[in-house]
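Student: quick one, what's the 3D model for this:
(2 chains)
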Amino acid sequence: MTQTIPPTPDAPFAVEMRGIVKRFPGVLANDHVDFELRAGEIHALLGENGAGKSTLMNVLAGLYRQEAGIIKVKGKPVEFHSPRDAIKSGIGMIHQHFMLVPSQTVTENVLLGLDDPRFFMRLPEYDAKVAAVGERFGLKVDPRAKIWQLSVGEQQRVELLKMLYRGANVLIMDEPTAVLAPTEIEGLFDILRSMVAQGKSVIFISHKLQEVTAIADRVSVLRRGVATATSVPSRGATRQELARLMVGRDVVFALEKKPGNPGKIVLEVKDIHADNDKGLPALRGFSLNVRAGEIVGVAGVAGNGQSELSQVIASMRKCKQGQVILNSESLTNHNTLFGIQHGMAYVPEDRNHVGSAPNLSVTDNVIMKKYRQPPISHAGMLDMSAAEKLARELKQAYDIIVPNVSTPVRLLSGGNLQRVILAREISGLPNFMVAVQPTRGLDVGAIEGVHRLLMAQRESGAGVLLISEELEELLSLSDRVYVIYEGKSMGEVKVGGVEPDESLIETIGLMMTGTPLDQIQKEGVGANG
Amino acid sequence: MQQKLGSLFDALLPVIATLAALAVGAVMLLFLKVNPVEAYAALWDGAFGSSNAFAETLVKATPLLLVGIGICISFRGDVINIGGEGQMIIGAVLATWVGLNFTGLPGWLTITLSMMAGFLGGAIWGGIPGVLKAYFSVNEILSTVMMNAIAVQLMNFLLRGPMIDPAQAEMASQIPQTARLEEIFRLPRLAPTRLHLGALIAVIFAVLVYILLWRTTLGYRIRAVGQNPHASRYAGIKVQRYMVLALLLSGAFAGLAGATQVFGVNYRMITDGSSSGFTGSAGFNGIVAALFGGLHPILTIPASILFGALLVGANKMQRVVQVPSALITALNGLVVVFVVSSEIIRKRRQRRREAVAKRDDETPPPAVEAGNKKIQQAEVGS
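Tutor: Numbers count the residues shown, from 1 in each chain, chains lettered A, B, ... in the order given. Below you'll find the predicted structure:
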């Protein structure tokens, strides 16, 4: 494949976004973000989960409307009210989850929603048209094939074909490689190169550094809704630099971390293997241990097995191989009650669907793990006044802002709901706690509250396993951090009480993108360990 | 003030919906060249006009209430029980068998045993789809409906063969019915009307089911599983067990409804080959009554009385103003459609209120500081 000619710095802008602001309840997803795309380039948009990449691109694709800022296409200001408007301006987005009708053919899917053909399908004619577009860009797909017969890589090509057929000049690809096998990734890159060679521009959303340096001409980096780098030539950038821009270096030490006093091991996970919901391996021999009185972090980009890890520990997912030992008692593949009775607390990732029952009241939710014993129940009869008393006490102690404890928890804000869950879990006096993404989607005040509660657990001598995608959170709270990548441990780094140096962040950044710690040390790229 | 009016409106919504349905019914009556005022007066008179009429209404309401409180349990547990008809039949068959065979015992004991047999029969008929759902992921809507068909044929078989009235067995007519229960084995009447003890039993059970659902750990588990099976599993509840229990208990109350019909109204089982011939469709109408009562066992009591009144009053209306019986069915259907639709309005209003409440909730930044100090004092030190 021919190398792309790097676009000259003065190539015209295909897209300009200036000062884009987009807010969601409690989060500033895009904070005055500038973004520019030149004609004929592959531009990578890099950032962690929740950095605001998808939001920014959804604004460009007409799915969201920005609250402030302007978008220019080929120098002209535009306003998009729907994806249809964006397509009309030549901007098409290919989502991570394909939007195809499985029982229809490629051509039928490409034509879906178009006004042409008007009434009679005349498929053979359009098969030829679709095939011609595919030919031009090196997209090899049989137009008559049904979608369900195609591999994921081929389906992705159909999505591309759909956009190209509609005359898209700017193609936004949301983490296109996440669903592909390594060989298919090469194929995709070839296609992207041939598209830009013909004047199209591509925005490539990713958090994988290798891919970005392999394919992109320039890179923009987002972190927490702010652009930390705009249009950096990827050729000059090193992976370390990009990793740092992505995960950030300004770790905030809002918390006073007393020197740790780790005791005996409370939780040990030995070489566990488990599948995800689709039946594909998610954990491939992961091990870790947590001691009493320490917070152990698990870092990693979303979808590398973190959820499955927490579920296996909490006995909510079967583990195929390996062991989970809590207080020298094996709870591998026991039921959840066993872990609860042995002092495990679990703050699940999904606080709305797993951590709480939204239509039940605050009271009903806080007694979920306590209703079995006095004072909440006696011989099968619930003592609702005792339950309400407990709920009111917890509401007071944990500052749960709610008119009264019989309010259903679906009415609570994210921070309040998380406090309900933490109140329930901590009041069970656990000796070990797993917390998964405990601060996701919370505002700053609520985050701080959650952090303090976790710290209080550590100081009271409980072991805490903190699984998070927020590196800053992990670094400010943890005593040690394991990095997980594709279900395997990339190694373990000590964090300590002092401000972590940049090289540590770089090291973790590299581990998160797939380089094992021992390799980093061998190559001498990062320091620490 | 506005808020008060709003909540009053919400509370009255089912009543308003019923009135709206009757208004549409009035238009239909006009097309039939019938004076709607006259017709509805007859309906009211038929349902509440005399102590006999009111007793009749309560008699019709009894099976609706028993089925309805069972529905409260299953729907609260997020299992849909459409099998009330079959469960009523099996409960009735089992109860009748006990009532006809345990004749050596004192009356009260045989009646008690019969009611328990009805409860058990319904429990079995509800428990089977429950097990199928919980352990084999069989859709309970389908399986409970199928179980209805099986129950009907089982009843037809038993009433034509093994359980047929010995007197009928010798006659040429061969009417598929059981022998009549002896007088001492019937549910006592409560007044000089057809009102029987079953009505009181139903009300007592409605209260008990309320206690079960909101005051016991069992009910708590059923509701938790119904609201969120993931969270329940996470909290250590054996989700499948409580799915089965919800359907089983639901069936049990339908079975009891079947038993009270035999022991309080007909004193024998007789079949015309269909399920509604025996149940009067109470197995289905009980669902509507429970939904009308907001799946709350106590509120299901007035809801059942309303539908009982509609059933009884409609008969009178039919006789007085000479409208086709199909209109009565249509009128019932209209009430159901309007009431169910009004639920959508209520939910929308509730969502709007919640959206406002949530917006207010976001603004004040939580005072984490103060709270955490308390926590550290109170909770640290495990």
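Student: where does the chain dip in pLDDT?
Tutor: Since no chain was named, I'll use chain A. For chain A, the stretches flagged by pLDDT under 70 are A:1-10, A:25-26, A:49-50, A:181-183, A:248-256, A:441, A:443-445, A:496-501, A:524-529.
Student: other chain: chain B
Tutor: In chain B (pLDDT under 70), the answer is B:1-5, B:354-382.
Student: which other helices and strands contact the longest helix along it?
Tutor: Assignment by DSSP state H gives helix B:325-362 as the longest helix of chain B. Helices and strands touching helix B:325-362, by 3 or more C-beta pairs under 8 Å, 6 or more residues apart in numbering or on different chains; DSSP states H and E, are helix B:2-31, helix B:282-292, helix B:297-321. From N, CA and C alone the C-beta is placed, and that goes for glycine too.
Student: who's in contact with the residue nearest in space to the middle of chain B?
Tutor: Residue closest to the mean C-alpha point of chain B, counted by C-alpha atoms, centre = their mean, is B:Gly68 at 1.7 Å. Contacts of B:Gly68 were listed using C-beta atoms under 8 Å, 6 or more residues apart in numbering or on different chains, and they are B:286-287, B:289-290, B:293, B:297, B:300, B:303-304.
Student: let's have those in CSV, adding neighbour count and distance to A:Tyr482.
Tutor: Listed next are the contacts of B:Gly68 as CSV, based on neighbours: other C-beta atoms under 10 Å in any protein chain shown; distance: C-beta to C-beta, whole Å:
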residue, neighbour count, distance to A:Tyr482
B:Gly286, 33, 56
B:Ile287, 22, 53
B:Ala289, 28, 57
B:Ala290, 31, 52
B:Gly293, 24, 54
B:Pro297, 28, 51
B:Thr300, 31, 54
B:Ala303, 24, 57
B:Ser304, 34, 60
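Student: which residues in the stretch 351-500 of chain A form strands?
Tutor: A:377-378, A:381-382, A:432-436, A:463-467, A:480-485, A:488-494 (DSSP state E, counting those that start in this stretch).
Student: make TSV from the ones you listed and add mean neighbour count and distance to A:Arg38 to it.
Tutor: Shown next, in TSV, are the strands of the stretch 351-500 of chain A (neighbours: other C-beta atoms under 10 Å in any protein chain shown; distance: least, C-beta to C-beta, whole Å):
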stretch	mean neighbour count	distance to A:Arg38
strand A:377-378	17	67
strand A:381-382	18	66
strand A:432-436	26	40
strand A:463-467	27	39
strand A:480-485	24	33
strand A:488-494	20	35
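Student: where's the residue in the stretch 201-350 of chain A that chain B sits nearest to, which helix or strand?
Tutor: Here the stretch 201-350 of chain A gets closest to chain B at one residue, A:Leu337, 3.3 Å apart by C-beta to the nearest C-beta. If you go by DSSP states H and E, A:Leu337 is part of helix A:336-341.
Student: how far off centre is that helix?
Tutor: Chain-centre distance of helix A:336-341: 29 Å, with C-alpha atoms, centre = their mean, to the nearest Å.
Student: can you point out the buried residues in it?
Tutor: For helix A:336-341, a neighbour-count test (16 or more other C-beta atoms under 10 Å in any protein chain shown) marks A:336-340 as buried.
Student: after it, which helix or strand is next?
Tutor: Counting by DSSP H and E, the next helix or strand C-terminal to helix A:336-341 is strand A:344-347.
Student: residue numbers of the stretch 101-250 of chain B in contact with chain A?
Tutor: Taking C-beta under 8 Å from any C-beta of the partner chain, the part of the stretch 101-250 of chain B that reaches chain A is made up of B:214-220, B:223-224, B:227-228, B:230-238.
Student: hmm, try it at 10 Å
Tutor: Taking C-beta under 10 Å from any C-beta of the partner chain, the part of the stretch 101-250 of chain B that reaches chain A is made up of B:211-212, B:214-221, B:223-239.
Student: among these, which ones are buried?
Tutor: B:212, B:214-221, B:223-239.
Student: re the thing from before, mark which of the residues of the stretch 101-250 of chain B next to chain A are part of helices, please.
Tutor: Counting by DSSP H, these contribute B:211-212, B:214-215, B:217-221, B:223-227, B:229-234, B:239 to helices.
Student: follow-up on the earlier one: separation between the residue nearest to the centre of chain B and B:Ala257?
Tutor: From B:Gly68 across to B:Ala257, the span is 9 Å (C-beta to C-beta, to the nearest Å).
Student: residues that sit against both of these two, list them.
Tutor: Common contact partners of B:Gly68 and B:Ala257 (C-beta atoms under 10 Å, 6 or more residues apart in numbering or on different chains): B:84, B:202, B:282, B:286.
Student: for chain A, what's the nearest residue on the stretch 151-300 of chain B?
Tutor: B:Gly236 (3.3 Å).
Student: other SSEs contacting the helix holding A:Leu337?
Tutor: Applying 3 or more C-beta pairs under 10 Å, 6 or more residues apart in numbering or on different chains; DSSP states H and E, one finds that helix A:336-341 contacts strand A:321-326, strand A:329-330, strand A:344-347, helix B:229-234.
Student: okay, now the sheet partners of the third one, with direction.
Tutor: Strand A:344-347 sits in its sheet next to strand A:432-436 (parallel), going by DSSP bridges.
Student: how far does the strand it pairs with sit from its chain's centre?
Tutor: For strand A:432-436, the gap between its own C-alpha mean and the chain's C-alpha mean amounts to 19 Å (C-alpha atoms, centre = their mean).
Student: in contact with the closest residue to A:Leu477 other than its chain neighbours, which residues?
Tutor: Leaving aside its sequence neighbours, A:Leu477 sits nearest to A:Ile295 (C-beta to C-beta, 6 or more residues apart in numbering or on different chains; 5.1 Å). Residues in contact with A:Ile295 (C-beta under 10 Å, 6+ apart) are A:257, A:260, A:262, A:433, A:435, A:454-455, A:457-458, A:462-466, A:474, A:476-481, A:495.
Student: what do you get for A:Arg23?
Tutor: Shown in contact with A:Arg23 (C-beta under 10 Å, 6+ apart): A:29-31, A:55, A:66-68, A:225.
Student: how close does the residue of the stretch 201-350 of chain A closest to chain B get to B:Arg241?
Tutor: 12 Å.
Student: need the helices for the stretch 51-200 of chain B, in chain order.
Tutor: B:51-76, B:84-101, B:107-136, B:140-160, B:166-170, B:197-215 (DSSP state H, counting those that start in this stretch).
Student: pick the most buried one from these.
Tutor: helix B:84-101 (a mean of 29; mean count of other C-beta atoms under 10 Å in any protein chain shown).
Student: so that one versus helix B:282-292, what angle?
Tutor: Relative orientation of helix B:84-101 versus helix B:282-292 (axes from the mean of the first three to the mean of the last three C-alpha atoms, to 10 degrees): 120 degrees.
Student: can you tell me the residue of the stretch 401-529 of chain A closest to chain B?
Tutor: At 3.5 Å from chain B, A:Gly449 is the closest residue in the stretch 401-529 of chain A, using C-beta to the nearest C-beta.
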